[in-house]
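Engineer: next input, structure requested:
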Amino acid sequence: MEKVKLNCDNQIKIKVSDPFLNYINKARMLCGTKEKFGKNPTQDQFLKGIIYYWIKKHAPEVLIDDINVNIPEILEHKALKNKL
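Structural biologist: Here you go, the predicted model:
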């Protein structure tokens with residue numbers, strides 16, 4: 001499987017407490033996470049995957065462009081899942 005090349009300059013920064021960051025890191029290492037992502041994702045992959053999942057589930061009309069446009073983050077997410 002070809003690795004998706006991400007060339008992104010945009011950043012989103014969030015402020016979280018240490019305990020919340022620990023929850024995020026624990027969630028990344030769960031067996032279920034590995035099953036859904038195809039591997040234990042990096043923090044970046046995990047957060048992008050969660051955001052993509054939320055949009056897909058709660059606002060699928062936003063993803064109409066996904067059909068015709070190759071969005072690198074979505075391609076990366078799908079590539080991780082396809083490695084299973």
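Engineer: any stretches of the chain with poor pLDDT?
Structural biologist: When residues are selected by pLDDT under 70, those of the chain lie in 1-6, 65-69, 83-84.
Engineer: just give me the residue right at the centre of it.
Structural biologist: Nearest to the mean C-alpha position of the chain, counting by CA atoms, centre = their mean, stands Gly49 at 2.0 Å.
Engineer: tell me the contacts of the nearest residue to it once chain neighbours are set aside?
Structural biologist: Closest residue in space to Gly49, ignoring its immediate chain neighbours: His77 at 5.2 Å, by CB to CB, 6 or more residues apart in numbering. All C-beta atoms are positioned from the backbone trio N, CA, C, and that covers glycine. Neighbour list for His77: 37, 45, 48-49, 52 [criterion: CB atoms under 8 Å, 6 or more residues apart in numbering].
Engineer: and His77, how far is that from Pro60?
Structural biologist: In this view, His77 and Pro60 are 15 Å apart by CB to CB, to the nearest Å.
Engineer: how about the helix ranked longest in the chain: buried residues?
Structural biologist: In the chain, assigned by DSSP state H, the helix with the most residues is helix 43-58. Neighbour-count burial for helix 43-58, counted by 16 or more other CB atoms under 10 Å, picks out 45-46, 48-49, 52.
Engineer: which helix or strand contains the residue nearest to Gly49?
Structural biologist: Using DSSP states H and E, the element containing His77 is helix 72-82.
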